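Visitor: Quick check, what structure comes out for this input:
(one chain, ligands or ions: 1)
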Amino acid sequence: MIKEPFRFGHMELKNRLVMPPMATYYCDAQGQVTDKILDYYGARAKGGNIGLIIVEHAFITQVGMAKKNQLSISRDSDVEGLKKLTAVIKQSGSRVMAQLNHGGAAALSEASGMKPISPSPVVLPEISGMGDPDGSVEMTKEQIAELPGIYVAAARRAKEAGFDGVVIHCAHSYLLNEFYSPLTNKRTDEYGGSLDNRLRIHREVIKAVREEVGPDYTVSIRLGGVDYGMEGGNTFEDAAYAAKVFAEAGVDAIDISGGMSRYMRKGHDEPGYFQDTSRAVKAAVDLPVILTGGVRSLEQAEELLQTGAADLIGVGRPLLADPDWADKAMAEYAG
Ligand SMILES: Cc1cc2nc3c(=O)[nH]c(=O)nc-3n(C[C@H](O)[C@H](O)[C@H](O)COP(=O)(O)O)c2cc1C
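Guide: Below is the predicted model:
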């Protein structure tokens, strides 16, 4: 199964192995593509053994820049460099997606030069361990109303730059995760309170992006489904409901990770440590689901696929450490 081709959204993938987004911060001070980042992705793509490469999170607007040297998709002038990045990845047959991110309260002011904004004022380090120690300021209604347009412009740039699709980042305590989680969204207007209200901005963003890119372009969302181990946080039921909302709004796929616990889960490092979330989401929607976290061999990936935990498997840190990991693993794997 892992070696078999798979139709993901509007893309044909040569296999079901995914390189999940992992930030290198190898860009220049403005977030533009450098030779260093081209070499890094080129080295991982060259063997042609990774079906889908999702490039690290790119900031879509200056106030949402998470860290220094983060990749930018926030300006039209970024497109030329991004074209080089998609070309280097696609030349060996991998498909490539851009991850669109607004850092919210997790955006460091030392990087963006601005005070971070989020649904409610929070000192995020006390919740997720990330973000500005001085905290964030509450977004105004006007700032929220601008968000769909900001995502739309970034999605347009991704398409122009040759990405095969976009992943909207709603995990790891960044802005859209902050709207979704009751731990960070304390708003009393229509963007806070009930789960439906906490998912209002996601609906608006997904619909606007879909309208911009058209029906044949792949749009996925990375969902930090559950706030594992955090009292008052999102649950499996919330994740399943969110997935339904995203499906109705127009995404082609769901990519599962953690919420305020980020990409880790306390006390867990087994293969597929978010599989309880991915199974809940798969049961709720008829869309392909990616599962990432703790997978260290193709045998482990295969078992997760065979038992229905997900449709595609992400392998992150092994690929970060060893550019040839996928080539060796595919050559050695008998299945
Ligand atoms: C150095 C590093 C950077 C990461 N950057 C991102 C990112 O930009 N966007 C994202 O959604 N996840 C990011 N992640 C999470 C990974 O995509 C992945 O979910 C995580 O590493 C768990 O999978 P693994 O056990 O296979 O490594 C990052 C992880 C690491 C280790």
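Visitor: Residue 274: how many residues sit nearby?
Guide: 28 (other CB atoms under 10 Å). Every residue, glycine included, has its C-beta placed from N, CA and C.
Visitor: So it versus the ligand, what's the distance?
Guide: Distance from residue 274 to the ligand, counting by CB to the nearest ligand atom, to the nearest Å: 9 Å.
Visitor: what do you get for residue 288?
Guide: The spacing between residue 288 and the ligand, counted by CB to the nearest ligand atom, is 17 Å.
Visitor: Torsion angles phi and psi at that residue?
Guide: With angles defined as degrees, to the nearest 10, residue 288 sits at phi -60, psi 140.
Visitor: Now for the residue of the chain found nearest the ligand: which residues touch it?
Guide: Going by CB to the nearest ligand atom, the ligand is nearest to residue 316 of the chain, at 2.9 Å. Applying CB atoms under 8 Å, 6 or more residues apart in numbering, we find residue 316 in contact with 19-20, 22, 263, 292-293.
Visitor: Mind checking which of the residues you listed land in helices?
Guide: Residues of the contacts of residue 316 located in helices (DSSP state H): none.
Visitor: out of these, which touch the ligand?
Guide: Filtering the contacts of residue 316 for proximity to the ligand (criterion: CB under 6 Å from any ligand atom) leaves 20, 22, 263, 292-293.
Visitor: Which of those residues are buried? Put it as a ChimeraX command.
Guide: ChimeraX command restricting those to the buried ones, with burial defined by 16 or more other CB atoms under 10 Å:
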select :20,22,263,292,293
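Visitor: which pair in the ones next to the ligand among the contacts of residue 316 spans the largest distance?
Guide: Based on CB to CB, the longest span within those runs between 22 and 293 and measures 12.4 Å.
Visitor: could you show me where the helices are in the stretch 201-335 of the chain, in order?
Guide: Here the stretch 201-335 of the chain has its helices, by DSSP state H, counting those that start in this stretch, at 236-249, 275-284, 298-306, 317-321, 325-332.
Visitor: what packs against the first one?
Guide: Applying 3 or more CB pairs under 8 Å, 6 or more residues apart in numbering; DSSP states H and E, one finds that helix 236-249 makes contact with helix 195-198, helix 200-213, strand 218-224, strand 253-257, helix 275-284.
Visitor: quick one: the second one to helix 236-249, angle?
Guide: With axes from the mean of the first three to the mean of the last three CA atoms, to 10 degrees as the basis, helix 200-213 and helix 236-249 are set at 30 degrees to each other.
Visitor: Helix 200-213 versus strand 218-224: what angle between them?
Guide: Using the same axes, to 10 degrees, the direction of helix 200-213 lies 160 degrees away from that of strand 218-224.
Visitor: For helix 200-213, name the packing helices and strands.
Guide: For helix 200-213, the elements it packs on are helix 141-160, strand 165-170, helix 175-180, strand 218-224, helix 236-249, judged by 3+ CB pairs under 8 Å, 6+ apart.
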